[in-house]
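>>> how would this look folded up:
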Amino acid sequence: MNWGEGQFILIDKPKTWTSFDVVAKIRNHLKGITGQKIKVGHAGTLDPLATGLLILASGKFTKKIDEIQSQNKVYEGVIEIGKTTPSYDLETEVDSEVDVSTVTTAAIEQAKCQLTGEIEQFPPTYSAVRIDGVRAYKKARKKEEIKMRPREVTVYSFDLMKKELPEIHFRIACSKGTYIRSIANDFGKLLGVGAYLKELRRTEIGDFKSSEAFTIESFIETHPAQ
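Below is the predicted model of the structure:
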């Protein structure tokens with residue numbers, strides 16, 4: 001296999017790994033296979049606490065990254081209502097908690113509908129969006145004031161797979177640039193009780209699926225170094 005000429009490598013990203021951690025691991029392994037430094041990039045960042053499909057491109061295929069990133073995504077996960085965190089996920093500690101016993105099924109369905117279709121959302125302050133040339137999460141961790149700009153995204157479908165309050169299991173198909181953490185936060189605001197993203201897994205990018213992906217371990221085992 002000519003890694004320099006270009007390949008797509010589908011990896012099922014493990015929890016706590018950054019997308020760059022995965023790129024660095026695979027790049028180093030490809031160097032062990034070929035004896036050469038192979039260029040490797042990834043299409044579409046996953047947060048450290050998220051798992052699932054991460055598409056890597058080697059060699060000349062890195063020129064196709066923008067094409068892959070522009071494709072629609074599918075995510076599955078869990079939103080916990082009644083609690084909030086500054087990062088909208090478990091990267092930071094819970095900073096508010098309220099009772100959710102009065103939240104109705106009708107209210108949940110209405111909130112879901114309001115977050116389906118073309119919507120405007122604010123990226124999380126704990127995100128890689130650049131503010132004045134600096135990653136927003138770096139400013140957020142220093143408690144600096146941040147003004148995020150809204151962006152228009154499309155949520156093609158927002159399916160509620162299971163409701164076991166305070167947890168709501170979902171499946172979302174959306175356009176590129178959609179922050180599922182922001183959807184979770186907005187969902188909680190619409191319900192009046194707050195919410196954060198408890199679990200997230202990316203299952204599809206365009207025609208690529210997580211079921212086709214290697215774990216890091218299985219990729220290394222099936223593509224041994226010389």
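
>>> Would you mind finding the longest strand in the chain?
Determined from DSSP state E, the single longest strand within the chain is strand 151-164.

>>> elements contacting it?
On a contact count with 3 or more Cβ pairs under 8 Å, 6 or more residues apart in numbering; DSSP states H and E, strand 151-164 meets helix 105-114, strand 117-121, strand 167-174. Using the backbone N, CA and C atoms, a C-beta is placed for each residue, glycine as well.

>>> what about whatever helix or strand comes next after the second one, distance to the chain center?
Tracing the chain past strand 117-121, the next element assigned as helix or strand by DSSP states H and E is strand 130-131. From the chain centre to the centre of strand 130-131 is a distance of 18 Å (Cα atoms, centre = their mean, to the nearest Å).

>>> Can you tell me the strand partners of strand 130-131 and which way each runs?
strand 134-135 (antiparallel) (DSSP bridges).

>>> which outside residues touch the partner strand?
Ser127, Ala128, Val129 (Cβ atoms under 8 Å, 6 or more residues apart in numbering).

>>> how about the first one, what does it touch?
Spelled out, it's Ser127. So Ser127 contacts Arg135, Ala136, Tyr137, Tyr179, Arg181 (Cβ under 8 Å, 6+ apart).

>>> One more: the second one?
Residues near Ala128 by Cβ under 8 Å, 6+ apart: Thr45, Arg135, Ala136, Tyr137.

>>> let's see 10 Å
Residues near Ala128 by Cβ atoms under 10 Å, 6 or more residues apart in numbering: Ser19, Thr45, Asp47, Arg135, Ala136, Tyr137, Lys138.

>>> just Ala107 next, same as before
By Cβ under 10 Å, 6+ apart, the contact set of Ala107 is Leu190, Leu191, Gly192, Val193.

>>> what does Ser96 give?
Gly82, Lys83, Thr84, Thr85, Gly188, Val193, Gly194, Tyr196.

>>> any idea which of the helices and strands packed on strand 151-164 is most buried?
strand 167-174 (a mean of 19; mean count of other Cβ atoms under 10 Å).

>>> then that one to PDB, C-alphas only?
Taking C-alpha atoms only, strand 167-174 is exported to PDB below (Å, rounded to 0.1, in the frame of the first residue of the first chain):
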ATOM      1  CA  GLU A 167     -31.000  11.500  30.400                       C
ATOM      2  CA  ILE A 168     -32.200  11.900  26.800                       C
ATOM      3  CA  HIS A 169     -30.600   9.600  24.100                       C
ATOM      4  CA  PHE A 170     -30.500  11.200  20.600                       C
ATOM      5  CA  ARG A 171     -29.400  10.800  17.000                       C
ATOM      6  CA  ILE A 172     -28.700  13.900  15.000                       C
ATOM      7  CA  ALA A 173     -27.800  14.300  11.300                       C
ATOM      8  CA  CYS A 174     -26.400  17.800  10.600                       C
END
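
>>> Quick check: mean pLDDT of the next helix or strand after it?
Moving toward the C-terminus from strand 167-174, the first helix or strand encountered (DSSP H and E) is helix 180-191. Taken as a whole, helix 180-191 has a mean pLDDT of 98.

>>> if we can go back for a sec, only whichever of the contacts of Ala128 are buried, select them in PyMOL.
In PyMOL, this line selects whichever of the contacts of Ala128 come out buried by 16 or more other Cβ atoms under 10 Å:
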select buried, resi 19+47+136+137
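
>>> what's the closest of the contacts of Ala128 to Val155?
Nearest to Val155, judged by Cβ to Cβ, of the contacts of Ala128 is Asp47 at 18.1 Å.
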